[in-house]
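*Asks:* With the input below, show me the fold.
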Amino acid sequence: MSINLCIDWGNTQIKAAIFDGELLHKQFVFTEDTLLEQVSGIIDTYKPVKAILCAVAGNTEELEMLLKQAIKSVIRLDGNTRLPFNNAYHSTDTLGADRIALACGAHAAYPDKNNLVVSLGTCATYNLMQKNKTFRGGAISPGMHMRLKAMHSFTDKLPEVGTNVELILLGYDTPTCMLSGAVFGMAAEIDGMIKAYESQYPDFNAILTGGDAPYFASKLKSKIFADPDLLLKGLNLILNYNVSFPR
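*Replies:* Now for the predicted structure:
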């Protein structure tokens, strides 16, 4: 078994994981300010022989240079990466690498299902991976914090509201009304999307992941499995598929 390093550079945070073969051994979360120092420490400690980078934000040039100097086999996941499934998405040049990894992780976990992966981060993405090993696409909508920020940014009088405000269905002032609309409106959207996909695809399964997933898990009516590590698991699968034996 080889030691793999998988890095997910998202819009709000950077996560990394060390895998021993297919086993997730340890996870890390850090900011861009400490990224290079901490990745260097991870490499020195675990000595990975393969690495994969999934980035939807940030300038990754220095990180990629560090990885290539220290690790034998390094790939950056994008629309041209060789995948263990069929990609039917029409505009692969604009397809987020995170959505590719989520689709891969979903099929590996539930290969006999038509999987809808609902990922809740800066944006909410809905990603359909069919059981015939084909990624079809899905939908993208604003995430919870983006909805709250948009209400403040595009109006003159609505305040800036965070999740520290009391969450109640029947808001009693402007901040609680805004949070109610953002959260319960988004929960209704998720339930509605799951129901719509379930009506069209047999052997259906829904998976919840992403940074805001724990916040919404108890607020959904739909039957949905939660897997906070799905993206990292997908990255590791794609890395092993592309680099079976380190050079």
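*Asks:* Quick one: name whatever helix or strand follows the helix ranked longest in the chain.
*Replies:* Criterion DSSP state H: the longest helix present in the chain is helix 174-200. Following helix 174-200 in sequence order, the next helix or strand is strand 204-209 (DSSP states H and E).
*Asks:* Could you list the low-pLDDT ranges of the protein?
*Replies:* Counting by pLDDT under 70, the chain contains low-confidence ranges at 1, 245-247.
*Asks:* Would you state the strands of the chain in chain order?
*Replies:* 3-9, 14-20, 23-30, 50-55, 73-76, 86-87, 114-120, 123-130, 134-142, 204-209, 225-226 (DSSP state E).
*Asks:* Kindly report the domain assignment for this structure.
*Replies:* 3-80, 102-233 (automatic domain parsing).
*Asks:* Among those domains, which comes closest to H90?
*Replies:* Within the domains of the chain, the stretch nearest H90 is domain 102-233; the backing value is 7.7 Å (CB to CB). To be clear about C-beta, it is placed using only N, CA and C from the backbone, and glycine gets the same treatment.
*Asks:* how long is that closest one end to end?
*Replies:* Domain 102-233 has its terminal residues 8 Å apart, counting by CA to CA, to the nearest Å.
*Asks:* Do I have it right that P228 meets D212?
*Replies:* No. Counting by CB atoms under 8 Å, P228 does not reach D212; the two are 10.8 Å apart.
*Asks:* out of these two, which sits in the busier spot?
*Replies:* D212 (21 against 14; other CB atoms under 10 Å).
*Asks:* Now do the same contact list for the nearest residue to L239 once chain neighbours are set aside.
*Replies:* Spatially, and ignoring its direct neighbours in sequence, L239 is nearest to I52 (4.0 Å; CB to CB, 6 or more residues apart in numbering). Residues near I52 by CB atoms under 8 Å, 6 or more residues apart in numbering: 4-7, 74-77, 235-236, 238-239, 242.
*Asks:* what do you get for A109?
*Replies:* The contact partners of A109, by CB under 8 Å, 6+ apart, come to 115, 207, 227, 230, 233.
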